[in-house]
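Trainee: one predicted model, sequence on top.
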Amino acid sequence: MKKKYIFVTGGVTSSLGKGIISASLGLLLKAVGYKVTIQKFDPYLNIDPGTMSPYEHGECYVTEDGAETDLDLGHYERFLGISTSQDNNVTTGRIYNNVISKERKGEFLGKTVQVIPHITDEIKNSFYKIGKNNSFEIIITEIGGCIGDIESLPFFEAVRQAKLDLKKSDFLNIHLTLIPYLSTSGELKTKPTQHSVKKLLEAGIQPDILVCRSEHKLGKEIKNKLALFCNVSKNSVIESIDAESIYDVPVLMREERLHEIVLENLNIKKKKPLRLSRWKRFLSNLHMSENKLKIAIIGKYVSLQDSYKSISESLIHAGANQNSKVDIQWILSEELKTQNLKKKLKNIDGIIVAPGFGVRGIEGKILAIEYVRKNKIPFFGICLGMQCACIEFSRNVLGYEIANSTEFDRETNHPVIDLMQEQKKIKNKGGTMRLGSYECFLEKGTQIYNSYKSTEIHERHRHRYEFNNSYKSEFNDHGMKTPGINPKLNLVETIELDDHPWFIGTQYHPEYRSRVLKPHPLFVSFVNKIKSIKNG
Ligand code: GLN
């Protein structure tokens, strides 16, 4: 079969959910038997989002191969149950970087290097690179940003050219827009979509399918009007109504027959009947669950909850698996003080201390950890969260009052968390952390082993600092175990307390591996413990 390319573009405004629509379509196409992958092209100049604050961009998602990527890749992995890689996320920065290094090597000798054709060729090569991998039949490409943005222009130009490169039935454009509702006149308005399609036509792209985000049902009349003005066939105007959960979207898209229209356009047939029974079972658990569990996420970026997207989604997956509704309480770490701690953590059934960088909010996290350690409230520390648990333990149990991470106090006499040896010589900030999947061995009979039921696991990392092995035996002797070890580098990957119902810290990020249909065992075990404590 020839590779099929679907380009998902957006108009009217950003944040309409191109990632969720792409992931939902990917899921439906996979369910009818196709091998699908999704890639995202982002128009900014950073080589990757690794150097951005979460406030700029939400979470930085890390792939198996250690790429720091856009959070939409998390949705792709969670919906489709696939693993993505560096090739699935390309930015303008990466494109220019590639072209400029080729120019320096002399690959364009004699030529003037220009946006068209050199930049657009590089973009197209990146579009097709993933398609060269024989494991995929359909490649969905999401173009970040909106039509009309100056910075996205070369991407749209490359999409236009791709249409010429590919056979008609191998190329498809789905354009996602907004149909706003004017409450004063009680009307849905099509004009912004008409303008957005005009802009797309100016770039030389005629959309094949329109997906229209809307608060209300569109109705036949509006759909027909959109079809007429935007030059698409009537059955190719799809409504995407606001949903209770992002996980409802695949079912709504199925009802709108999005996958059928896509298959017709690509001139291919279903390989097997579409069944979403497992997905629907997940949805009914998600919507019916009665046990309400209050789990706090303590972090410094909580005012933008997208900063912790994979963690909150992992809790949703694990909650549905455990017939429980997880009610996430967002707590800003720097607001936690001795005086208000009890009040802030009142009625909380479990806490997650989130990953992060920099000293702001650290002392609040440490106070919260002391509280849940002493009050036997389930605790899950992820990356920086684990490091804070080690600092708390050394200060309050081992009695080293000034213990710290050298990230926050370079001169501390008790650096329980310290820079890895190989990190000490690194100067550049971009892409230089310990990134991607590493092996970890778990000791049998421990809390962490009981969660995974395996002695050998692989988890993804994103950090520079590590547990300092010179404190290991002292920790172990005083009740803090270190049962998860990286076998090659002898690094501590997990910690846990002997005398506590559920107190686990991981240097790695388990949240990147949770899937809708395969919730992560650690999150499941955490939610299960909270549920059983709550239900007595
Ligand atoms: N700042 C810490 C480090 O670099 C933790 C990073 C994280 O939580 N991802 O090691």
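Mentor: Thanks, I have it.
Trainee: and the worst-scoring helix or strand of the chain on mean pLDDT, what does it pack against?
Mentor: With mean pLDDT, DSSP states H and E as the measure, the helix or strand of the chain carrying the lowest mean pLDDT is helix 54-57 (a mean of 88). Taking 3 or more CB pairs under 8 Å, 6 or more residues apart in numbering; DSSP states H and E as contact, there are no helices or strands that helix 54-57 lies on. For the C-beta atoms, the positions are set from N, CA and C on the backbone; glycine is no exception.
Trainee: who touches it?
Mentor: The set of residues that contact helix 54-57 without belonging to it, under CB atoms under 8 Å, 6 or more residues apart in numbering, is 49, 60, 70-71, 301, 303-304, 306-307.
Trainee: how about the CA coordinates for that helix, as PDB?
Mentor: Taking Å, rounded to 0.1, in the frame of the first residue of the first chain, the C-alpha atoms of helix 54-57 are listed here in PDB:
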ATOM      1  CA  PRO A  54       6.100  25.200  31.200                       C
ATOM      2  CA  TYR A  55       4.200  28.500  31.400                       C
ATOM      3  CA  GLU A  56       5.100  29.100  27.800                       C
ATOM      4  CA  HIS A  57       4.300  25.800  26.500                       C
END
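Trainee: name the helices or strands packed onto the following helix or strand past that helix?
Mentor: Moving toward the C-terminus from helix 54-57, the first helix or strand encountered (DSSP states H and E) is strand 61-62. With contacts defined as 3+ CB pairs under 8 Å, 6+ apart, the secondary structure elements packing on strand 61-62 are strand 68-69, helix 72-80, strand 456-463.
Trainee: any idea which of the ones you listed is most buried?
Mentor: The densest packing among those, expressed as mean neighbour count by mean count of other CB atoms under 10 Å, is seen in helix 72-80 with a mean of 26.
Trainee: direction included, what does the following helix or strand past it pair against?
Mentor: Once the chain leaves helix 72-80, the next helix or strand it forms, by DSSP H and E, is strand 89-91. In its sheet, strand 89-91 lies beside strand 36-42 (parallel), with partners assigned from DSSP bridges.
Trainee: how about the CA coordinates for the partner strand, as PDB?
Mentor: Written as PDB, here are the backbone C-alpha positions of strand 36-42 (Å, rounded to 0.1, in the frame of the first residue of the first chain):
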ATOM      1  CA  VAL A  36      -0.900   4.800  12.100                       C
ATOM      2  CA  THR A  37       1.500   7.300  13.500                       C
ATOM      3  CA  ILE A  38       1.100  11.000  14.200                       C
ATOM      4  CA  GLN A  39       3.700  13.800  14.000                       C
ATOM      5  CA  LYS A  40       3.600  17.400  15.100                       C
ATOM      6  CA  PHE A  41       5.300  20.400  13.400                       C
ATOM      7  CA  ASP A  42       5.700  23.500  15.600                       C
END
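Trainee: hmm, who's touching it?
Mentor: Counting by CB under 8 Å, 6+ apart, the neighbours of strand 36-42 from elsewhere in the structure are 19, 22-23, 26, 29-30, 49, 69-70, 72-73, 76, 80, 82, 84, 87-92, 123, 126-127, 130, 133, 135-145, 155.
Trainee: mind checking pLDDT for the residue positioned nearest the centre of the chain?
Mentor: The residue lying closest to the centre of the chain (CA atoms, centre = their mean) is residue 74, at 2.9 Å. As predicted, residue 74 sits at a pLDDT of 97.
Trainee: what's the answer for the one 4 residues further on, then?
Mentor: Residue 78 is assigned a predicted lDDT (pLDDT) of 98.
Trainee: in CSV: the contacts of helix 54-57, plus pLDDT, neighbour count and distance to residue 372.
Mentor: Shown next, in CSV, are these (pLDDT from 0 to 100; neighbours: other CB atoms under 10 Å; distance: CB to CB, whole Å):
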residue, pLDDT, neighbour count, distance to residue 372
49, 94, 22, 31
60, 96, 24, 27
70, 95, 27, 33
71, 95, 20, 28
301, 95, 23, 21
303, 91, 10, 23
304, 93, 15, 25
306, 93, 14, 25
307, 96, 25, 22
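Trainee: what's the farthest-apart pair in these?
Mentor: Within the contacts of helix 54-57, 70 and 303 form the most distant pair, 20.2 Å apart (CB to CB).
Trainee: can you count the residues close to residue 276?
Mentor: Residues near residue 276, counting by other CB atoms under 10 Å, number 15.
Trainee: which residues touch it?
Mentor: 31, 250-251, 254.
Trainee: ok, and the most crowded of those residues?
Mentor: residue 250 (27 neighbours).
Trainee: any idea how far that one is from the ligand?
Mentor: Applying CB to the nearest ligand atom, to the nearest Å, one obtains 30 Å for the distance of residue 250 from the ligand.
Trainee: pretty sure that residue contacts residue 79?
Mentor: Yes: counting by CB atoms under 8 Å, residue 79 is a contact partner of residue 250 at 7.1 Å.
Trainee: name the residues contacting each of the two.
Mentor: Overlap between the contact sets of residue 250 and residue 79, as judged by CB under 8 Å, 6+ apart, is given by 23-24, 27.
Trainee: just to revisit the earlier point, how near is the residue nearest to the centre of the chain to residue 323?
Mentor: In this structure, residue 74 and residue 323 are separated by 24 Å, where distance is defined by CB to CB, to the nearest Å.
Trainee: show me what from this protein comes close to the ligand.
Mentor: Listed as neighbours of the ligand in the chain under the rule CB under 6 Å from any ligand atom: 355-357, 383-384, 407, 462-465.
Trainee: do that again at 8 Å, thanks
Mentor: Proximity of the chain to the ligand is confined to 354-358, 382-385, 387, 405, 407, 417, 433, 462-466, 509 under the rule CB under 8 Å from any ligand atom.
Trainee: narrow those residues to those in helices?
Mentor: Residues from the residues of the chain next to the ligand lying in helices, with DSSP state H as the criterion: 384-385, 387.
Trainee: closest to the ligand out of those residues?
Mentor: residue 384 (3.4 Å; CB to the nearest ligand atom).
Trainee: ok, that closest one to residue 472 distance?
Mentor: Looking at residue 384 against residue 472, where the rule is CB to CB, the gap reads 20 Å.
Trainee: neighbour count for these two, which is higher?
Mentor: Comparing residue 384 with residue 472 by neighbour count (other CB under 10 Å), the higher total belongs to residue 384, at 27 against 15.
Trainee: hmm, that one is touching residue 352, no?
Mentor: No: under the criterion of CB under 8 Å, residue 384 lies out of contact with residue 352, with a separation of 11.3 Å.
Trainee: tell me which element residue 492 falls in.
Mentor: Under DSSP H and E, the secondary-structure element containing residue 492 is strand 491-497.
Trainee: the nearest residue in space to residue 394 that is not next to it in sequence: neighbouring residues, count only.
Mentor: Among residues not flanking residue 394 along the chain, residue 403 sits closest, at 3.7 Å (CB to CB, 6 or more residues apart in numbering). Neighbouring residues of residue 403 were enumerated by other CB under 10 Å; the total is 23.
Trainee: which stretches of the stretch 1-150 of the chain have low pLDDT?
Mentor: Counting by pLDDT under 70, the stretch 1-150 of the chain has no low-confidence residues at all.
Trainee: let's go with 80 and repeat that
Mentor: Screening the stretch 1-150 of the chain residue by residue with the criterion pLDDT under 80, one finds the ranges 1, 133-134.
Trainee: what does the stretch 201-350 of the chain give?
Mentor: Low-confidence regions of the stretch 201-350 of the chain, defined by pLDDT under 80, span residues 289.
Trainee: who are the neighbours in contact with the residue of it found nearest the ligand?
Mentor: Among residues of the stretch 201-350 of the chain, the one nearest the ligand by CB to the nearest ligand atom turns out to be residue 299. It sits 9.6 Å away. Residues counted as contacts of residue 299 (CB under 8 Å, 6+ apart) are 307-308, 330-333, 353-356, 361.
Trainee: much appreciated, bye for now.
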